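*Asks:* below: sequence and its predicted model.
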Amino acid sequence: MKACVALLALLVSVPLWAAVPTPQEVKAAWRSSDTTLLDRHGETIATVRVDMAGRRLAWVALDDISAALGRAVLQAEDQRFMEHGGIDFQAIGKAAWDNLFGLQRTRGASTITMQLAGLLDPKLAPRSTGRTWTRKWDQAVAARELEAGWNKRQILEAYLNLASYRGELQGIGAAARGLFGKAPSGLDAGEAAILASLLRAPTAPSRTVAKRACTLARELDARADCAAIEWEVDAAFARTASAPASATTGVTPQFVRRLGGVPGSVIRSTLDGGLQRFTVAALRRHLAELAERNVGDGAVIVIDNASGELLAYVANGGTGEVDGVTALRQAGSTLKPFLYELALERGQLTAASLLDDTPVDIPTVGGLYVPQNYDHQYRDAASVRTSLAGSLNVPAVRTLMLAGLERFHERLRALGFTSLTEAPEFYGWSLALGSGDVSLLELAHAYRTLANGGLQDGKRRVLDARASFIVADILSDRAARSTTFGLSNELATGFWSAVKTGTSKDMRDNWCVGFSDRYTVGVWVGNFDGRSMWDVSGVSGAAPVWRDVMDYLHRDRPSRPPAVPPGLVRQTVRFAPAVEPERSEWFMRGTEVALVEMLPPAKRAPRIVYPAADSVIALDPDIPAPLQRVSLRAYGGAGLRWELDGADAGPADRGAMWTPQPGEHEVKLVGQDGRAVAAARFEVRGQLASTFSTSTGGSAGRSSGNGVNSRESER
């Protein structure tokens with residue numbers, strides 16, 4: 001007791017600190033770990049956590065905290081809180097006595113005010129210094145200062161808001177929500193006892209917390225149900241982390257940070273709250289329908305064509321914090337419109353030009369590149385309109401060979417595809433089918449440029465206005481699209497719209513991007529972990545979400561077709577032979593034609609499809625030599641014969657099988673007069689013994705140069 005009296009006298013003689021913060025300053029310095037995101041009208045869209053160091057919610061006034069919690073905390077931590085001036089000398093004396101004789105303490109000597117001092121000043125926090133009594137002394141001095149400038153309600157309110165309860169939960173707001181899923185005002189006596197017990201040991205195991213909470217609850221009410229408290233502890237500790245904001249809002253921390261969101265801030269965006277909620281619901285509903293096809297994730301973006309403002313930004317369907325709008329994925333067929341626009345702009349093609357849709361093997365450094373259409377069918381010839389609207393692969397690759405790989409790569413970069421950082425040769429001819437990685441954000445902005453007649457951000461011209469109009473007209477043509485998709489599908493809106501789908505290699509990504517007169521909408525579905533989808537086509541994957549969002553956007557006002565730019569003429573065109581029906585077609589002035597003729601097969605130059613010139617075939621010693629075969633294939637071989645190394649190998653109107661031999665060889669197509677009309681030199685490497693595989697083709701398989709095969713891009 002004498003020690004306590006001496007301590008009191010000494011504390012009274014210590015001068016007051018001048019730097020004690022006021023309650024208002026402490027409250028103002030508190031920062032929630034969240035950012036509040038508002039829409040363009042000032043309506044709250046989401047509260048998104050941007051600080052991962054700790055979970056903190058808004059400051060909670062004492063009047064908004066359950067009285068049961070106040071009683072439990074005072075009983076557990078500071079029973080004479082309302083009587084002392086910051087220092088409980090009786091508790092200090094008892095703690096000293098217990099330490100002296102090794103007795104177990106049931107209560108600590110630190111008052112709530114002393115603990116608050118430790119929360120306000122890290123130097124006073126527990127374990128911040130080596131000597132406990134030194135820290136107690138400093139806390140006692142600071143507590144006296146606090147009591148001189150704060151009232152008891154302010155001290156208790158600050159303590160409950162600044163204290164850590166368990167794990168990352170800081171403050172009573174986060175603790176009540178995180179452990180019990182309710183506001184602090186709704187805490188009952190059992191929950192209050194649990195939270196008060198956690199203040200002393202936030203990391204204690206559940207059994208220890210339950211025991212302490214039971215003891216505390218019965219001190220306050222002898223009728224407390226300990227079994228119920230034990231169950232509440234287990235339930236609270238088993239609660240998973242709060243669902244990310246993206247689960248219901250589609251908004252991720254990455255997006256909010258890009259908008260300038262920091263802990264505790266409120267930021268206003270260009271998003272439309274009603275559209276955002278509708279888009280999230282539409283995406284989640286469709287993902288649930290696709291779950292049986294191994295589709296788990298998706299993203300949607302809506303852009304205002306005129307201003308470029310983001311009206312909806314759904315980063316994912318609620319499965320995590322991955323931002324699917326900015327994630328890089330293979331583009332599939334969604335780059336084809338820009339390829340055809342380039343060829344139209346340069347005058348190399350018109351919308352009525354017929355493209356060769358027959359098998360093609362293209363030698364590359366990595367082997368033969370062998371593009372195929374999605375349905376593995378060839379139409380012999382197809383117009384640009386049909387090829388683009390029906391998303392045919394072979395004509396697209398031939399168009400890229402015509403327009404130029406480097407030129408197309410440069411055009412994509414100009415459109416804003418900054419992710420295409422490699423040299424053009426890295427992507428190769430498969431760039432026509434979307435082998436490059438792009439983001440939904442970049443893709444949607446590129447389509448917005450197309451929607452705006454080739455103007456980027458309303459200022460810089462990137463695409464020709466006339467060619468852009470023709471491409472948009474093709475993408476809006478449901479009749480041209482019907483050759484692949486049929487007339488009735490999710491792409492056929494009841495108003496004017498232009499749209500393109502795409503699917504990447506092995507069905508890992510499915511896209512649908514399109515625009516109306518006012519909006520550009522982009523949708524991606526797939527799996528963030530890269531797993532392939534099962535039997536998901538262009539019209540069954542992303543398209544239904546695109547259609548729902550477009551219908552919502554134009555629920556009050558239909559979209560109108562774009563105005564025809566100067567320099568275009570409309571001309572009736574027919575085809576001979578009639579590979580496509582007669583139609584009215586748009587032409588850039590000076591390129592219009594009334595008749596498009598295609599040479600009959602007899603007049604077309606025959607060519608060797610396989611083996612291609614300069615290809616290399618590798619023998620595999622694990623397959624018996626008699627089982628190794630190379631299939632000689634030609635296009636336009638009627639009436640011709642195969643000649644291999646000078647020897648007759650049979651008619652060329654059907655495939656001929658040949659047992660490969662090591663060395664250099666030459667295959668020819670020869671006419672009845674013995675003259676060669678086509679020839680190709682190739683090499684066979686390896687030793688005859690057992691297997692045959694090819695780096696470029698043959699019955700055992702083909703190398704698909706640049707890692708791309710016939711299924712890399714879909715409709």
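*Replies:* Everything's here; your move. Numbering: from 1, shown residues only.
*Asks:* in stretch 468-480, what's buried?
*Replies:* Ser468, Phe469, Ile470, Val471, Ala472, Asp473, Ile474, Leu475, Ser476, Asp477, Arg478, Ala480 (16 or more other Cβ atoms under 10 Å). Just so you know, the C-beta spots here come from the backbone N, C-alpha and C atoms, and that holds for glycine as well.
*Asks:* tell me the secondary structure for the residue nearest the centre of the chain?
*Replies:* Closest to where the C-alpha atoms of the chain average out (Cα atoms, centre = their mean) is Gly324, at 1.0 Å. Under the three-state scheme (DSSP: H, G, I helix; E, B strand; the rest coil), Gly324 adopts coil.
*Asks:* list the contacts of it.
*Replies:* Under the criterion of Cβ atoms under 8 Å, 6 or more residues apart in numbering, the neighbours of Gly324 are Asp297, Gly298, Ala299, Ala315, Asn316, Leu440, Trp524, Phe528.
*Asks:* so can I have a markdown table of those residues showing distance to Ala125?
*Replies:* Below are the contacts of Gly324 laid out as a markdown table (distance: Cβ to Cβ, whole Å):
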| residue | distance to Ala125 |
| --- | --- |
| Asp297 | 43 |
| Gly298 | 46 |
| Ala299 | 43 |
| Ala315 | 38 |
| Asn316 | 39 |
| Leu440 | 46 |
| Trp524 | 47 |
| Phe528 | 40 |
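*Asks:* which ones among those residues map onto helices?
*Replies:* Counting by DSSP state H, those place Leu440 in helices.
*Asks:* identify the farthest-apart pair in the contacts of Gly324.
*Replies:* Farthest pair in the contacts of Gly324 (Cβ to Cβ) is Leu440 and Phe528. Separation: 12.7 Å.
*Asks:* rewinding a little: the buried residues of stretch 468-480 in helices, which ones?
*Replies:* Short answer: the buried residues of stretch 468-480 in helices (DSSP H) are Ser468, Phe469, Ile470, Val471, Ala472, Asp473, Ile474, Leu475, Arg478, Ala480.
*Asks:* which two of these have the greatest separation?
*Replies:* It's Ser468 and Arg478 that sit farthest apart of these, by Cβ to Cβ, at 19.6 Å.
*Asks:* closest to Leu199 among the buried residues of stretch 468-480?
*Replies:* Among the buried residues of stretch 468-480, and counting by Cβ to Cβ, the member closest to Leu199 is Leu475, at 62.9 Å.
*Asks:* contacts only, for Ala117.
*Replies:* Applying Cβ under 8 Å, 6+ apart, one finds that Ala117 lies in contact with Leu124, Gln139, Ala142, Ala143, Glu145, Leu146.
*Asks:* got a pLDDT number for the residue lying closest to it once chain neighbours are set aside?
*Replies:* Nearest non-adjacent residue to Ala117, counting by Cβ to Cβ, 6 or more residues apart in numbering: Ala142, 3.7 Å away. Looking at Ala142, its pLDDT reads 89.
*Asks:* just say helix, strand or coil for Ala142.
*Replies:* helix.
*Asks:* how many neighbouring residues does it have?
*Replies:* Around Ala142 there are 22 other residues, counting by other Cβ atoms under 10 Å.
*Asks:* quick one: contacts for it?
*Replies:* If you count contacts by Cβ under 8 Å, 6+ apart, Ala142 has them with Trp17, Val20, Met114, Ala117, Leu120, Asp121, Leu124.
*Asks:* out of those residues, which sit inside strands?
*Replies:* Nothing among the contacts of Ala142 maps onto strands, per DSSP state E.
*Asks:* shouldn't Arg466 be within a helix?
*Replies:* Yes - remark: Arg466 belongs to a helix, assigned using three-state DSSP.
*Asks:* that one against Val569, yeah?
*Replies:* No - judged on Cβ atoms under 8 Å, Arg466 makes no contact with Val569 at a distance of 10.0 Å.
*Asks:* between these two, which is the more surrounded one?
*Replies:* The neighbour count for Arg466 versus Val569, taken as other Cβ under 10 Å, is higher for Arg466 (23 against 13).
*Asks:* how close does that one sit to His445?
*Replies:* Arg466 sits 21 Å away from His445, going by Cβ to Cβ, to the nearest Å.
*Asks:* what of Arg40?
*Replies:* 19 Å.
*Asks:* then Leu220?
*Replies:* 62 Å.
*Asks:* those two: which is more packed in?
*Replies:* A direct count of neighbours by other Cβ under 10 Å for Leu220 and His445 places His445 higher, at 20 against 17.
*Asks:* how about that one, what does it touch?
*Replies:* Neighbouring residues of His445 by Cβ under 8 Å, 6+ apart: Ile303, Gly308, Leu415, Gly416, Thr520.
*Asks:* strands of the stretch 451-600 of the chain, residue ranges please.
*Replies:* All strands of the stretch 451-600 of the chain, identified by DSSP state E, counting those that start in this stretch, fall at 455-456, 460-461, 498-503, 509-515, 519-526, 568-576, 583-588, 595-597.
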